[in-house]
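Student: quick one, what's the 3D model for this:
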Amino acid sequence: MRLLITGGKGMLGRTLMRHWGTSHTLAIADLPETDLTRPEQVGALFDSFQPEVVVHCAAMTNVDACEGDPARAFLLNETATAHVARACSAHGARLFAISTDYVFSGEEPGVRTEDDPPHPRTVYGASKLAGENAVRALCPNHVIARIAWLYGSGGPSFPHTMIRLAMEDPSRTLRVVDDQIGNPTSADAVANGLTAFLGRPELRGTFHLTCEGTASWYTFACETLRLAGFPGVTVSPCTTEEFPRPAPRPHNSSLSKAKLATCGLPPMPPWKEALARFVSVEWKTAGQRPQNRAPISH
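Tutor: Numbers count the residues shown, from 1 in each chain. This next block holds a predicted model:
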């Protein structure tokens with residue numbers, strides 16, 4: 001199968017390349033080679049590669065940067081997505097569009113289903129919802145996959161930051177937000193979930209692809225450091241108000257995956273199991289060291 005991955009140099013894109021590189025013909029679209037905000041470049045890419053499936057990972061994902069530059073956020077997350085969706089439709093390609101929990105307000109209790117009405121509170125969430133709507137309007141043969149709290153090989157991600165800080169000072173105390181909850185999600189788990197969709201060409205619509213189970217950022221940090229072998233690091237819980245950010249963070253990012261079972265798709269793994277596999281491979285086996293500067297509080 002001929003698969004095109006936009007944002008292929010990013011964390012999820014790299015993971016997909018690793019998962020699919022030996023079984024499919026792959027191409028990536030990323031800066032500086034391809035500017036998805038320019039429709040002529042998108043069209044030329046589709047004409048030359050003729051993809052059967054496009055996984056649209058490219059996006060402006062820095063939540064605070066989006067809040068400070070709404071025009072750029074909508075250009076990258078809505079307009080560029082519309083260009084990709086329109087090209088998919090014109091070339092008969094199936095579109096997997098990656099979206100986010102930020103399309104919801106994050107203020108309601110319980111888990112959000114795919115059918116719950118979106119209500120974003122941030123520019124990032126609003127621009128990603130606009131991208132979702134562009135996909136629905138322009139490319140009927142689509143799967144919108146909402147993900148959240150993503151981490152993966154090479155980062156940047158929350159576990160990378162936690163382990164880097166622990167390595168810099170194994171006796172330090174880390175203060176981590178404990179009043180925001182969500183589904184910590186491995187990029188490998190998302191890749192496996194998307195692989196299942198490749199084998200089900202009849203499936204269309206919006207799905208949630210986060211790992212099962214909920215945690216706070218504090219719980220996520222504690223489990224990461226336990227698995228990585230940093231018993232001397234103290235993790236202290238704090239509130240969102242103690243770490244003010246330009247964009248409000250959702251207090252509840254928990255997403256329901258019941259629709260996967262309804263459609264006969266495999267379940268997403270429990271978050272602790274996925275994290276244990278990630279830590280084992282990323283550091284204990286590969287011996288890698290995190291170098292990124294991702295923020296402590298997403």
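
Student: every contact and neighbour count from this point should use C-alpha atoms.
Tutor: OK.

Student: how close does the nearest residue to residue 225 once chain neighbours are set aside get to residue 67?
Tutor: Computed as C-alpha to C-alpha, 6 or more residues apart in numbering, the closest residue to residue 225 that is not its neighbour in sequence is residue 163, at 6.6 Å. Residue 163 sits at a distance of 28 Å from residue 67 (criterion: C-alpha to C-alpha, to the nearest Å).

Student: which of these two has more residues huddled nearby?
Tutor: residue 163 (24 against 18; other C-alpha atoms under 10 Å).

Student: that one: which element?
Tutor: If you go by DSSP states H and E, residue 163 is part of helix 158-168.

Student: let me see the contact set for the residue of the chain most remote from its centre.
Tutor: Outermost residue of the chain with respect to the C-alpha centroid, by C-alpha atoms, centre = their mean, is residue 171; its distance is 31.5 Å. Neighbouring residues of residue 171 by C-alpha atoms under 8 Å, 6 or more residues apart in numbering: 232, 233, 234.

Student: mind jotting down where the helices sit in the stretch 1-150 of the chain?
Tutor: Under the criterion DSSP state H, counting those that start in this stretch, helices of the stretch 1-150 of the chain are mapped to 11-20, 39-49, 63-68, 70-74, 80-91, 123-138.

Student: make JSON lines from those and add mean pLDDT and distance to residue 56 to it.
Tutor: Shown next, in JSON lines, are the helices of the stretch 1-150 of the chain (pLDDT from 0 to 100; distance: least, C-alpha to C-alpha, whole Å):
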{"stretch": "helix 11-20", "mean pLDDT": "97", "distance to residue 56": "9"}
{"stretch": "helix 39-49", "mean pLDDT": "97", "distance to residue 56": "12"}
{"stretch": "helix 63-68", "mean pLDDT": "97", "distance to residue 56": "18"}
{"stretch": "helix 70-74", "mean pLDDT": "98", "distance to residue 56": "15"}
{"stretch": "helix 80-91", "mean pLDDT": "98", "distance to residue 56": "8"}
{"stretch": "helix 123-138", "mean pLDDT": "98", "distance to residue 56": "10"}
